[in-house]
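> Generate coordinates for the sequence data below:
(one chain, ligands or ions: 1)
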Amino acid sequence: MQNPQHSECQQRAIAEVKSAYSHLPHGDRIFRQCVEGQNSIAEVLKAKDPDSAGILKTERPSSYKIEQPYLSIISESHISTMSIVKTILITGANTGLGLEVVKSLCRSTTKYDILVGCRTPSKGQAAIDEVKNEYPSTSSTLSTLQVDLESDDSLQKAVETISKEKGHLDILMNNGGVAYDPQISSGAIGIREAWNKSWNVNVAGTQVLTTLAVPLLLKSSDPRLIFITSGTATLTETESTASENLKRLNGSPAAGWPKEPGFSTTSYRSSKTGLNMLMREWVRILKNDGVKVWCISPGFLATSLGGYGSEQLKKIGALDPVIGADFTLSVVEGKRDHDTGKIVRKDMIQPW
Ligand SMILES: NC(=O)c1ccc[n+]([C@@H]2O[C@H](COP(=O)([O-])OP(=O)(O)OC[C@H]3O[C@@H](n4cnc5c(N)ncnc54)[C@H](OP(=O)(O)O)[C@@H]3O)[C@@H](O)[C@H]2O)c1
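Next comes the predicted model:
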């Protein structure tokens, strides 16, 4: 939290306020909320932590008295605009939508400490090199973090590293994902293996990582938990063939068996429907913790997903992933705070 641009007096005031409130549950979190521009510790406590507000007013009157002078020094120091950096972990950030989100973050005026989640650190580093080359003057910082959603050991180590090096996490973006339906159709992978892998990465691994990371999110003053889902995952729209995309997804093949191997997403879209329920569960579980939770449905994007190739996907209507990434950034930066708990699309709420 030390900022060399603060005067010695400001630094001392900050240290004293921090120490005065460190005895409270979530003391560090309350401190961060205050330096992020909220004027009154008492207000923050009342809104977020009624029990602590009681302790503050009755058992620690001396702490309560020092509140106003120190807070005015803190607000004069403009800490809210100078030193608040948002720490964000994005899984699968070395390519596709994840990489574009990293670039969108680097274009933002907000400063981020970006943890580029990747299975293979050399791929993560290559992605960082690419971003730094494109955005040499970004104020955000980037580092790789090995995150393999199929390995509990990898997930455990990743969260331990964040805990040791950052002490908290502001945003967890569960983006890493796989789709094996084309490989089922071509015979390259068996149905069971493809389904198990899809659910392992898209749902089970995501759930393990989220469970491990929640304690770090709870140390943030504005925790955000995001799951990247899919437009294919809505149950309601399976009844629709209103557009070319929906026809491809939801149209029925001719009678007879075997069916022609068409454009199939059966294992992928089922796993993403499972992910949607996982999101709703986290909304329920974290309801009283002030964590904002969403699924983001970023649109049909030309990435490597499914192995079709981005050029092939563009031919059937896939968009530039930068569109999905900029929309995702808008959610990170508060534009859809009124839609927490929902599956948000750029222009609407995705039906369940
Ligand atoms: N493309 C679309 O139209 C679309 C639409 C809606 C939602 N989405 C979602 O967007 C997310 C990103 O997909 P994308 O389209 O950008 O596809 P992509 O280009 O294939 O990127 C997928 C990312 O997930 C990573 N990943 C795969 N297995 C992983 C594992 N076991 N552990 C950790 N990371 C793993 C990949 O890492 P490697 O490079 O090491 O394989 C890669 O970084 C996915 O959740 C996808 O379902 C995509």
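> From now on I want contacts and neighbour counts done on CA atoms only, so please keep to that.
OK.
> For Arg345, grab the count of nearby residues.
20 (other Cα atoms under 10 Å).
> you'd agree it is up against Ser297?
Yes. Taking contacts as Cα atoms under 8 Å, Arg345 lies within contact range of Ser297: 5.1 Å.
> Excluding chain neighbours, what is closest to Ile88?
Nearest residue to Ile88 in three dimensions, chain neighbours excluded: Ile171, at 4.6 Å (Cα to Cα, 6 or more residues apart in numbering).
> Ramachandran coordinates for the one you found?
phi -140, psi 130 (degrees, to the nearest 10).
> How many residues are close by it?
25.
> how far away is it from Leu246?
32 Å (Cα to Cα, to the nearest Å).
> Determine the set of other helices and strands touching the helix or strand where Leu155 lies.
Following DSSP states H and E, the helix or strand that holds Leu155 is helix 152-165. Applying 3 or more Cα pairs under 8 Å, 6 or more residues apart in numbering; DSSP states H and E, we find helix 152-165 packed against strand 141-146, helix 206-217.
> avg pLDDT for the shortest one?
Okay, so that is strand 141-146. Averaging pLDDT along strand 141-146 yields 98.
> Now do that strand: everything it contacts.
If you take Cα atoms under 8 Å, 6 or more residues apart in numbering as the criterion, strand 141-146 is touched by 111-121, 124-125, 128, 154, 158.
> so Thr328 touches Trp294, yeah?
No. Counting by Cα under 8 Å, Thr328 sits too far from Trp294 to count as a contact (10.7 Å).
> where does the nearest residue to Gly98 once chain neighbours are set aside fall, phi/psi-wise?
Excluding the flanking residues, the one nearest Gly98 by Cα to Cα, 6+ apart is Gly92, at 5.9 Å. Note on Gly92: its backbone torsions stand at phi 60, psi 40 [degrees, to the nearest 10].
> Look up how far Gly177 lies from Gly92.
Applying Cα to Cα to Gly92 and Gly177 gives a distance of 7 Å.
> Tell me the predicted confidence for the residue nearest to Ile88.
The model's pLDDT for Ile171 equals 98.
> what bridges to it?
For Ile171, the beta-bridge partners under DSSP bridges are Ile88, Arg224.
> list the contacts for it?
Lys86, Thr87, Ile88, Leu89, Leu217, Pro223, Arg224, Leu225, Ile226, Val332.
> now do Val178
Val178 neighbours (Cα under 8 Å, 6+ apart): Ser198, Val201, Asn202, Tyr268, Leu305, Gly306.
> Hmm, the third one is touching Gly177, no?
Yes. Applying Cα under 8 Å, one finds Asn202 in contact with Gly177, separated by 5.2 Å.
> More neighbours: which of those two?
Each of Asn202 and Gly177 has its neighbours counted (other Cα under 10 Å); Asn202 has more, 27 against 24.
> still on that earlier bit, of all the contacts of Val178, which comes closest to Gly98?
The closest of these to Gly98 turns out to be Leu305 (Cα to Cα; 11.7 Å).
> so that closest one makes contact with Ala179?
Yes. Counting by Cα under 8 Å, Leu305 does reach Ala179; the two are 6.3 Å apart.
> higher neighbour count, the two?
The neighbour comparison of Leu305 against Ala179 (other Cα under 10 Å) goes to Ala179, with 25 against 16.
> Spit out the contact partners of that one.
Ser198, Thr265, Ser267, Tyr268, Leu305, Gly306.
> can you do 10 Å?
194-195, 197-199, 201-202, 264-269, 271, 304-307 (Cα atoms under 10 Å, 6 or more residues apart in numbering).
> again with Glu150
Glu150 neighbours (Cα under 10 Å, 6+ apart): Arg119, Lys197, Trp199, Asn200, Val201, Asn202, Ala204, Gly205, Thr206, Val208.
> Could you verify my assumption that the first one touches Gly177?
Right, the one you point to is Arg119. No. Under the criterion of Cα atoms under 10 Å, Arg119 is not in contact with Gly177, lying 11.5 Å apart.
> Below-threshold pLDDT in the stretch 51-200 of the chain: ranges please.
Residues of the stretch 51-200 of the chain that meet the criterion pLDDT under 70 lie in 51-83.
> what are the ranges of the helices in it?
61-65, 67-76, 79-82, 96-107, 121-134, 152-165, 181-186, 191-199 (DSSP state H, counting those that start in this stretch).
> can you pull the buried residues of the helix holding Leu155?
Ser154, Leu155, Ala158, Val159, Glu160, Ile162 (16 or more other Cα atoms under 10 Å).
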